[in-house]
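S.K.: Got a sequence here, can you model it:
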Amino acid sequence: MADTVIVTTHDLSAAVPLRDAFAAEGYSVELLTAVERISDVNDPALLILTGGLDEKRSRRLIREAYELSRLPVIALAEPDSPPDLAARLGVAEVLSKPVVPDEVLLSARRLIERRRLLAVTGIVGETEAMHEVIERVVQIAPVNATVLITGESGTGKELVARGIHALSPRRHRAFIATNMAAVPETLLESELFGHEKGAFTGAIAQRKGMFELAHKGTLFLDEIGEMPLATQTKLLRVLEDRQFMRVGGETPIHVDVRVIAATNQDLRHLVEVGQFRRDLYYRLNVLTIHLPPLRERREDIPLLVDEFVRAASREHDLERVVIAPDAMAILVEYDWPGNIRELRNLIESMVVLAPGRLITADDIPPAIRQGGRGRSLLPVPVPKQPERTDGTSTSPQLEFVFRTLLQLRMDVEDLRREFEAYRRSQAEAALPAVLPYPYPYAPAEISAPASIETVARHANGGQRSTEPQDDEDGVIVFRPGMTMQDIEREAIIATLKEKRGNRRKAAESLGIGERTLYRKIKEYGIPL
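M.R.: You can find the predicted model right below:
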């Protein structure tokens, strides 16, 4: 079915040539007179305003086009029209008269194709960054190469993966998604590759894995940075040879699967510290799409809010609410550490709980109104360190490393954001004179761990000191020469002592998974 283009009859000298040009290109064209509305046309794809841009009717049509799933609008303006006319009218593009039909066709085709892609992928966004993401999806979708999607948690990585699948030749086959962090390490290999009957205790029947289920389709591996090294090796072999064996099996199984991986971590850093295979990283990083955080695309927030209001009202069968300008300003200014996922959940809760059909600033939770300042971290007691002999203070990078390692609960992008904020504060003002050594900060739940062995490499020739220390009980002491691994090891030891060896409670306190804690205990040789 051909796309329908609506052309208004404000200026017949422009409308008639455009109707003929669009019809020659295979489009269905409807001329809109003064008494008609856009809603009278079935499935419109574009609106072209041929004139009368200052008239009340034109403003009504633009508003109706926006309410109709944000129908793109092209306005034809006089040559002396102000340059900011598009922004003032709220239209996608303004072309000056006299118009050349081929130029209008080119702009219209681009806007219609973009709208179709946004509808297929489910992505909402009109910023330049999101346009680049859509263009990358269009370029990547037709090929079979592996794709790596990066971005903070909640930025919509799975949505992009589904969009790639929907635009690919595999769209009529299965799309299988699995989260590496959600599957226990002991079951991960079976989940991916399946198992034979009797392969292990509890394997009472043969079971197909994710790769077999995704044959001829797409397999999405979310949180790929959480995959254990042993499983990484087997995944690399499957990507290279396109075959594998089930757990307990003896016959190779050939598969045709496109793999799309996603992560909110810095895989290059994981490669450097030995937690991710270098060869697998290069094998996954064939084609890359990076999703920007919501704070870097604030212009898209009103569009997302409108979309989420529509969805929540429809899902809960409620009358649609209106977001007041002061409330929208607060939503735009907030940094959204949880990105789109956090915004969607907030909008749904406000739609359901709103006392009226108008949401004002008072209806927004205080933590959002305060810009997240309520989430500031509490100081942990740390012994003061002597000033350096050259009169300079400890570098902000060192203070940042200590502070973030103690937290053990923020992902890589969160750490980067915290460091940027700290560096800006260092540039604005020096630390108070009463603090010769910068105090790190950590959440309250790990601010008072049990007493642990301190490390002083400088004082012991680069070796760990095993002599009793006089440090205050419940304090992790940093001394020059300690590595990042030393600090992390001592934090884990302290938490295990506090929880009396209960690894589940220790993992919860540290903000990491039990599987990660087990790996760290084994890596550092921590006695239990």
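S.K.: Where do the strands of the stretch 151-300 of the chain begin and end?
M.R.: 175-179, 218-222, 243-244, 253-254, 258-263, 287-290 (DSSP state E, counting those that start in this stretch).
S.K.: quick one, which of those is nearest to L18?
M.R.: Relative to L18, the nearest member of the strands of the stretch 151-300 of the chain by C-beta to C-beta is strand 287-290, separated by 36.2 Å. Glycine gets a C-beta too; all of them are placed from N, C-alpha and C.
S.K.: got the contact list for that closest one?
M.R.: Contact with strand 287-290 is made by 133, 136-137, 140, 143, 145-151, 160, as judged by C-beta atoms under 8 Å, 6 or more residues apart in numbering.
S.K.: in it, what's buried?
M.R.: For strand 287-290, a neighbour-count test (16 or more other C-beta atoms under 10 Å) marks L287, I289 as buried.
S.K.: what does stretch 321-336 give?
M.R.: V321, I323, A324, A327, M328, I330, L331, V332, Y334, W336.
S.K.: That stretch: how far from the chain's middle?
M.R.: 20 Å (C-alpha atoms, centre = their mean, to the nearest Å).
S.K.: any idea how far the residue nearest to R295 when sequence neighbours are not counted is from T263?
M.R.: Residue nearest to R295 in three dimensions, not counting chain neighbours: D335, with 4.6 Å by C-beta to C-beta, 6 or more residues apart in numbering. From D335 across to T263, the span is 21 Å (C-beta to C-beta, to the nearest Å).
S.K.: which helix of the protein spans the most residues?
M.R.: The single longest helix within the chain, with elements called by DSSP state H, is helix 101-121.
S.K.: Rounded mean pLDDT for that helix, please.
M.R.: What helix 101-121 shows for mean pLDDT is 87.
S.K.: got the angle for whichever helix or strand comes after that helix vs strand 258-263?
M.R.: As assigned by DSSP states H and E, the chain's next helix or strand after helix 101-121 is helix 128-140. Using axes from the mean of the first three to the mean of the last three C-alpha atoms, to 10 degrees, one finds that helix 128-140 and strand 258-263 are set 160 degrees apart in direction.
S.K.: I'd like the mean pLDDT over helix 128-140, please.
M.R.: 89.
S.K.: Show me how far that helix is from its chain's centre.
M.R.: The answer for helix 128-140 is 15 Å, by C-alpha atoms, centre = their mean.
S.K.: Buried residues of that helix, list them for me.
M.R.: M130, V133, I134, R136, V137, V138, I140.
S.K.: circling back to that earlier point, what's the closest of the contacts of strand 287-290 to E488?
M.R.: T150 (23.9 Å).
S.K.: P17 versus the residue lying closest to that closest one once chain neighbours are set aside, what's the distance?
M.R.: Closest residue to T150 apart from its sequence neighbours, by C-beta to C-beta, 6+ apart: H290 at 5.0 Å. According to C-beta to C-beta, H290 stands 43 Å off from P17.
S.K.: that older thread, out of the strands of the stretch 151-300 of the chain, which gets nearest to G501?
M.R.: Between G501 and the strands of the stretch 151-300 of the chain, the shortest gap by C-beta to C-beta is with strand 175-179, which sits at 29.1 Å.
S.K.: Show me what A77 bridges to in the sheet.
M.R.: Per DSSP bridges, the residues bridged to A77 are S96.
S.K.: who touches it in this structure?
M.R.: Here A77 is in contact with L53, L85, V94, L95, S96, K97 (C-beta under 8 Å, 6+ apart).
S.K.: Mark which of these are buried, thanks.
M.R.: L53, V94, L95.
S.K.: Just give me the least confident of the residues you listed.
M.R.: Confidence-wise, L53 trails the rest of the buried ones among the contacts of A77, at 81.
S.K.: re earlier: tabulate the strands of the stretch 151-300 of the chain in a markdown table, adding columns for mean pLDDT and distance to Q206.
M.R.: As requested, these are arranged in a markdown table below (pLDDT from 0 to 100; distance: least, C-beta to C-beta, whole Å):
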| stretch | mean pLDDT | distance to Q206 |
| --- | --- | --- |
| strand 175-179 | 94 | 18 |
| strand 218-222 | 96 | 20 |
| strand 243-244 | 92 | 15 |
| strand 253-254 | 94 | 12 |
| strand 258-263 | 96 | 23 |
| strand 287-290 | 95 | 34 |
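S.K.: for the longest helix of the chain, which positions count as buried?
M.R.: Neighbour-count burial for helix 101-121 [16+ other C-beta under 10 Å]: P101, V104, L105, S107, A108, L111, I112, R114, R115, L117, L118, T121.
S.K.: now swap in stretch 506-519 and tell me
M.R.: The neighbour-count check on stretch 506-519 (16+ other C-beta under 10 Å) flags A506, A507, E508, S509, L510, I512, G513, R515, T516, L517, R519 as buried.
S.K.: The fifth one is in contact with T495, isn't it?
M.R.: I take that to be L510. Yes - using C-beta atoms under 8 Å, L510 makes contact with T495 at a distance of 5.6 Å.
S.K.: which residues of the stretch 301-450 of the chain score low on pLDDT?
M.R.: 372-450 (pLDDT under 70).
S.K.: Spatially central residue in this protein, please.
M.R.: T155 (2.1 Å; C-alpha atoms, centre = their mean).
S.K.: is it true that that one touches W336?
M.R.: No - judged on C-beta under 8 Å, T155 makes no contact with W336 at a distance of 9.9 Å.
S.K.: Find residues that contact each of the two.
M.R.: Joint contacts of T155 and W336 (C-beta under 8 Å, 6+ apart) are P293, L294.
S.K.: Tell me, how many residues neighbour G156?
M.R.: 24 (other C-beta atoms under 10 Å).
S.K.: can you tell me which of the contacts of A77 lies nearest to R170?
M.R.: L95 (38.6 Å).
S.K.: domains of this protein?
M.R.: Domain segmentation of the chain under automatic domain parsing yields 4-121, 130-197+207-290, 294-375, 396-524.
S.K.: which of those is buried the deepest?
M.R.: domain 130-197+207-290 (a mean of 18; mean count of other C-beta atoms under 10 Å).
S.K.: now the buried residues of helix 128-140 in CSV, with distance to Q275?
M.R.: Converted to CSV, the buried residues of helix 128-140 look like this (distance: C-beta to C-beta, whole Å):
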residue, distance to Q275
M130, 31
V133, 28
I134, 33
R136, 27
V137, 29
V138, 34
I140, 27
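S.K.: hmm, back to that, inside strands: which ones of the buried residues of stretch 321-336?
M.R.: Using DSSP state E, I323 are the members of the buried residues of stretch 321-336 that sit in strands.
S.K.: Please narrow the buried residues of stretch 506-519 to those residing in helices.
M.R.: A506, A507, E508, S509, L510, R515, T516, L517, R519.
S.K.: Report the contact partners of the first one.
M.R.: Spelled out, it's A506. I492, T495, L496, E498, K499, L517.
S.K.: at 7 Å what do you get?
M.R.: Contacts for A506 (C-beta atoms under 7 Å, 6 or more residues apart in numbering) come out as T495, L496, K499, L517.
S.K.: Distance of N339 relative to S107?
M.R.: For N339 relative to S107 (C-beta to C-beta), the value is 32 Å.
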